[in-house]
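>>> Provided below are the primary sequence and the corresponding predicted coordinates.
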Amino acid sequence: MKEPLVLLPGMMCDARLFGPQIAELSRDIAVMVAPVTAGERIEEIASTLLDVLPKRFALAGLSMGGVVAMEVLRRAPDRVTRIALMDTHPLAETPVIAANREPQIVKVRSGRLMEVMRDEIKPAYLAPGPYRNEVIDLVMDMAQTLGPEIFIRQSRAMQRRKDQQATLRRCKVPALVLCGAHDALYPVKRHEFMAELIPYAKLCVLEGAGHLPTLEQPDETTLALREWLTQPYVLQ
């Protein structure tokens with residue numbers, strides 16, 4: 001039996017971010033979605049997850065979920081059998097971006113979460129297409145479901161995240177680096193850089209997707225994950 005697959009959603013997202021992949025992959029793979037909401041530091045979130053995750057597992061994270069996935073790999077490399085990093089990057093938060101989170105936090109504390117999310121989830125982050133508005137609506141609904149306190153905790157965690165380049169250089173398991181060609185938040189060049197850091201990593205760029213390929217190009221994303229899940233453990 002294949003190892004279980006653990007999916008880590010992005011900031012202000014829940015299991016619905018991976019809805020198409022869960023529906024397809026859960027036919028023959030044990031799939032679980034773990035929340036990245038328990039803590040104001042990436043290290044705290046990862047530690048909490050490791051207390052409840054299976055002994056060994058495949059790990060896939062998107063955006064903030066990818067940031068947490070890298071910390072899980074750093075802490076427990078013997079438990080992670082393979083890793084997929086989607087629309088994310090390994091660098092620490094820049095001072096400018098960290099500072100830009102502060103006015104967002106102030107607004108959210110004053111009850112303006114949806115306003116902040118509307119500004120944050122720009123259409124430019126997604127690929128053009130007939131379903132872009134549907135994807136944005138789903139993201140807004142996920143954010144409203146999670147609420148302001150989680151937004152603030154996740155913002156603090158992202159502000160304080162550490163550089164994980166060394167973690168990726170030490171990675172010895174099958175690795176997939178996947179992104180949408182239209183992702184203006186974490187562009188393709190960042191993923192090319194990330195794939196170069198990881199020994200044996202495969203880079204997959206989906207032309208018809210932006211920052212949320214799991215929803216924008218669900219079939220292509222699922223296929224890439226399936227191929228990654230069948231890669232041999234011993235790589236030459």
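That came through fine.
>>> in which helix or strand would I find residue 204?
For residue 204, the host element (DSSP states H and E) is strand 202-206.
>>> What values do phi and psi take at the spatially most central residue of the chain?
In the chain, the centroid-proximal residue (CA atoms, centre = their mean) is residue 62; its distance is 1.5 Å. Phi and psi for residue 62, reported as degrees, to the nearest 10, are phi -120, psi 130.
>>> doesn't residue 11 make contact with it?
No. If you go by CB atoms under 8 Å, residue 62 and residue 11 don't touch, sitting 9.7 Å apart. Bear in mind the C-beta positions are built from the backbone N, C-alpha and C, glycine included.
>>> Going along the chain, name the helices of this protein.
For the chain, applying DSSP state H gives helices covering 19-25, 42-50, 64-75, 95-109, 113-120, 132-146, 148-159, 165-169, 188-197, 213-216, 218-229.
>>> and those as CSV, adding mean pLDDT?
Listed next are the helices of the chain as CSV, based on pLDDT from 0 to 100:
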stretch, mean pLDDT
helix 19-25, 97
helix 42-50, 97
helix 64-75, 98
helix 95-109, 93
helix 113-120, 91
helix 132-146, 95
helix 148-159, 96
helix 165-169, 97
helix 188-197, 96
helix 213-216, 97
helix 218-229, 97
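>>> So for residue 177, which of those helices sits nearest?
When these are ranked by proximity to residue 177, the top entry is helix 188-197, at 4.2 Å, counting by CB to CB.
>>> which other helices and strands contact the closest one?
For helix 188-197, the packing partners by 3 or more CB pairs under 8 Å, 6 or more residues apart in numbering; DSSP states H and E come out as helix 165-169, strand 175-180, strand 202-206.
>>> deepest of these, which one?
strand 175-180 (a mean of 27; mean count of other CB atoms under 10 Å).
>>> Rounded mean pLDDT for it, please.
When pLDDT is averaged over strand 175-180, the result is 97.
>>> what packs against that strand?
Checking 3+ CB pairs under 8 Å, 6+ apart, strand 175-180 ends up next to strand 80-86, helix 188-197, strand 202-206, helix 213-216, helix 218-229.
>>> what's the straight distance from one end of stretch 169-181 to the other?
Start-to-end span of stretch 169-181 (CA to CA, to the nearest Å) is 24 Å.
>>> So what's the gap between that stretch and the chain middle?
12 Å (CA atoms, centre = their mean, to the nearest Å).
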